[in-house]
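S.K.: here is a sequence with its predicted model. Questions after.
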Amino acid sequence: DRGSVQNLPKSYDVEYLMPVSLGTPAQQLNLDLDTGSSDFWVFSTLLKESMINGQTLYDPNTSTTSDKMEGYTWKITYGDESYSSGDVYIDTVTIGDLTVSTQAVEAAKVVSEEFTADSDNDGLVGLGFGIINTVQPYKQKTFFEKAMPGLDSPVFTADLKAGAPGRYNFGYIDDDAYLGNITYVPVDSSDGFWRWVSPGFQVGSTGSFNSTRIHGIADTGTTLLLLPDGVCEAFYSQIASAEYEPSQGGYTFECDDSTVPDFYFGTDNGQMIRIPGSYMSYSKTDTSSQRCFGGMQSDSGVGFTIWGDVALKAAFVVFDQGNEQLGWAEK
Ligand SMILES: O=C([C@@H]1CCCNC1)N1CCCCC1
């Protein structure tokens, strides 16, 4: 079996949403595929009005295939302090023609203001590893873990693009979606994330390669590229107008600064992925100024190095759960 679904970036590529069908008759919601968490949760009719702001709601009571998991609850808090919680239903879920008939759908009763404010986002499909699923009294499998046994190959792939629709595929690798070879690196899933080690980085096409092992996670649900301070300093030292502005929340530079270099990160045996300098200028720090917030920021506040969308949209990425490895290719 296999599946394929288009993903759509929101403005500034802050997040990527995909259509998902839940229940019978199908209720279509736009969800955020998040490899940095492992709960499948949705905005639902169980929410108080004050927590809803335009989102599409899953209504378990109108689905003829939903079954409430009596006594089961969930509560998740994300690295940015946002949170959500609620009850659990079993129902059928289809993503890109791939159906899981008994998915644990976590119906939200409470969401934090960050989720309420994001009116396009109807919930998350966590595709980390199931060991960090928050459902009590017994944790539940992710959508991918439920689908995996029936797939042609135990993989899903992420093809995120800058300011354009991309695609998530399940169960197969589309050889037309990337250039050259896919380099595979081992994954340590013990803390539930897609955690891997990059051998190093290079700033600019003429820069030298810095051999320094960078332990980090591949997280489709994080917008930015959060790297160790030393790497950030090496990168921003090459940008004439770059400043570290704690008041703005990190590194900024003049949006029209022509000295912004490309950033390369190593995957394995000499292969590197090139992130174009253009991916590194984010939203304007405020309407008046001409300064942009950097797409690469320090990981020191988060406590994790995170290869977020800024890095992922430069590559074709294979999340190979069957072999616990990540595949990286240029595109
Ligand atoms: O909460 C998160 C992220 C938030 C953005 C969406 N993906 C999950 N974590 C990943 C980094 C370590 C801490 C947990």
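M.R.: Happy to help now that I have it.

S.K.: what's the distance between the lengthiest helix in the chain and the middle of its chain?
M.R.: Assignment by DSSP state H gives helix 229-236 as the longest helix of the chain. Put simply, helix 229-236 sits 23 Å off its chain's centre (Cα atoms, centre = their mean, to the nearest Å).

S.K.: check stretch 282-291 too.
M.R.: That offset, for stretch 282-291, works out to 25 Å (Cα atoms, centre = their mean).

S.K.: on that earlier part again, pull out the buried residues from the longest helix of the chain.
M.R.: Buried residues in helix 229-236, counted by 16 or more other Cβ atoms under 10 Å: 231-232, 234-236. C-beta coordinates here come from the backbone N, C-alpha and C atoms, glycine included.

S.K.: check stretch 278-296 too.
M.R.: Buried residues in stretch 278-296, counted by 16+ other Cβ under 10 Å: 279-282, 285, 291-296.

S.K.: what is the mean pLDDT for stretch 317-331?
M.R.: Across stretch 317-331, pLDDT averages out at 98.

S.K.: please apply the same query to stretch 148-166.
M.R.: 98.

S.K.: contacts for it?
M.R.: 1-2, 6-9, 13, 16, 33, 35, 98, 127, 144, 167-174, 177-178, 220, 276, 278-279, 309, 312-313, 316-323, 327, 331 (Cβ atoms under 8 Å, 6 or more residues apart in numbering).

S.K.: just the terminal-to-terminal distance for it.
M.R.: End-to-end distance of stretch 148-166 (Cα to Cα, to the nearest Å): 22 Å.

S.K.: for it, the distance to its chain's centre please.
M.R.: Using Cα atoms, centre = their mean, the offset of stretch 148-166 from its chain centre is 12 Å.

S.K.: same check, this time on stretch 115-129
M.R.: The answer for stretch 115-129 is 10 Å, by Cα atoms, centre = their mean.

S.K.: check stretch 189-202 too.
M.R.: 15 Å.

S.K.: how about stretch 99-107?
M.R.: The answer for stretch 99-107 is 20 Å, by Cα atoms, centre = their mean.

S.K.: name the residues that touch the helix or strand of the chain with the lowest mean pLDDT?
M.R.: Ranked by mean pLDDT, DSSP states H and E, the weakest helix or strand in the chain is strand 281-284, scoring a mean of 84. Here strand 281-284 makes contact (Cβ under 8 Å, 6+ apart) with 12, 224, 253, 255, 260, 290-295.

S.K.: now for the residues you listed: which two are most distant?
M.R.: 224 and 290 (20.3 Å; Cβ to Cβ).

S.K.: give me the phi and psi angles of the closest residue to residue 77 other than its chain neighbours.
M.R.: In space, residue 77 comes closest to residue 83 once its chain neighbours are excluded; the distance is 4.4 Å by Cβ to Cβ, 6 or more residues apart in numbering. Per-residue torsions, residue 83: phi -150, psi 160 (degrees, to the nearest 10).

S.K.: burial count for residue 83?
M.R.: 14 (other Cβ atoms under 10 Å).

S.K.: repeat that for the one 4 residues further on.
M.R.: Other residues within reach of residue 87 by the criterion other Cβ under 10 Å amount to 20.

S.K.: tell me what the helix or strand harbouring it is packed against?
M.R.: Taking DSSP states H and E as the criterion, the element that holds residue 87 is strand 83-95. The elements that strand 83-95 packs onto, with contact taken as 3 or more Cβ pairs under 8 Å, 6 or more residues apart in numbering; DSSP states H and E, are strand 16-22, strand 40-42, strand 67-77, strand 98-111.

S.K.: which one is the residue of the stretch 1-150 of the chain found nearest the ligand nearest to, not counting chain neighbours?
M.R.: With Cβ to the nearest ligand atom, the shortest gap between the stretch 1-150 of the chain and the ligand falls at residue 36, namely 3.0 Å. Of all residues beyond its chain neighbours, the one nearest residue 36 is residue 219 (3.4 Å), with distances taken as Cβ to Cβ, 6+ apart.
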